[in-house]
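Enquirer: give the three-dimensional model of this entry:
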Amino acid sequence: MPGINEFERQLVHINLGLACLLMLALIGRTASTLVVSATLIAGMTIMHMKMRGEKILLVDPLIDRFERAHTVPGYGSLWYNVGVLLTFALLVNEAHIASALIILALGDGMSTIIGSMHGTHRIFYNSKKTWEGVLAFLVFSAPAIIFTGWLGVLAIIFAAFVEALPLKIDDNLAIPLACVVVFRILV
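Expert: Numbering: from 1, shown residues only. Presented below is the predicted three-dimensional model:
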């Protein structure tokens, strides 16, 4: 069972995705891409400073509270930011972007919460994942269908499949790329 930090991490994960969705609605794709690019540069600068052992007054408490143990500070945030940036950069249709953001935010966030807290049925090809997590991914990604209809259903299913694979890349990158593949190939 995850500690409170993992639950809180996933709430941050969900809220960041929803904030990106709101940003898309308020300022559009182009401006959102610029904002996400700027946050990526800032985040990479902070990661570099932390890897050099520097103290950063406002950042250190956040790292202590939300970063997983034994990882490079900002590792998950970096891949989340890259995944969101690629979504904005590679998808032109704002409905597709909105759908992908919901799948990343709600589907991935809730699959971790449900799967790690309540999952008991391990997936045979990836013992780190549970069927309960996959089901949560599918259910909580459903609002994406509002933006993209049947295509959103395909994106949800494909992203859930990719998320459950024992890949060596972070799911914060794999899930957006899965959505991009569906929305670019099937449209």
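Enquirer: any stretches of the protein with poor pLDDT?
Expert: The chain contains residues with pLDDT under 70 at 1-4.
Enquirer: try 90
Expert: The model of the chain has pLDDT under 90 over residues 1-9, 46-47, 50-51, 56-76, 116-117, 187.
Enquirer: could you pull out the strands in it for me?
Expert: Using DSSP state E, the strands found in the chain span residues 122-123, 126-130.
Enquirer: sheet partners, orientation included, of the shortest one?
Expert: Okay, so that is strand 122-123. Strand 122-123 has the following strand partners under DSSP bridges: strand 126-130 (antiparallel).
Enquirer: just the CA atoms of the partner strand, as CSV, please.
Expert: Extracted C-alpha coordinates of strand 126-130, given in CSV (Å, rounded to 0.1, in the frame of the first residue of the first chain):
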residue,chain,number,x,y,z
ASN,A,126,3.8,-7.2,-15.8
SER,A,127,3.8,-8.0,-12.1
LYS,A,128,4.1,-4.4,-11.2
LYS,A,129,0.6,-3.6,-12.6
THR,A,130,-2.8,-4.9,-11.6
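Enquirer: tell me which residues of it come out buried.
Expert: 129-130 (16 or more other Cβ atoms under 10 Å). C-beta here means a position set from N, CA and C on the backbone, and glycine is covered the same way.
Enquirer: give me the residues contacting it.
Expert: Contact with strand 126-130 is made by 115-116, 119-123, 163-166, as judged by Cβ atoms under 8 Å, 6 or more residues apart in numbering.
Enquirer: may I have the beta-bridge partners of the closest residue to residue 119 other than its chain neighbours?
Expert: Sequence neighbours aside, residue 130 is the residue nearest to residue 119 in space, at 2.8 Å (criterion: Cβ to Cβ, 6 or more residues apart in numbering). Applying DSSP bridges to residue 130 yields these beta-bridge partners: residue 122.
Enquirer: where's residue 130 relative to residue 94, distance?
Expert: Computed as Cβ to Cβ, to the nearest Å, the residue 130 to residue 94 distance reads 33 Å.
Enquirer: next one: residue 127
Expert: Separation of residue 127 from residue 94 (Cβ to Cβ): 38 Å.
Enquirer: by contact count, what packs against the longest helix seen in the chain?
Expert: Counting residues, the longest helix in the chain under DSSP state H turns out to be helix 4-51. Counting contacts by 3 or more Cβ pairs under 8 Å, 6 or more residues apart in numbering; DSSP states H and E, helix 4-51 is packed against helix 60-66, helix 75-90, helix 94-102, helix 109-118.
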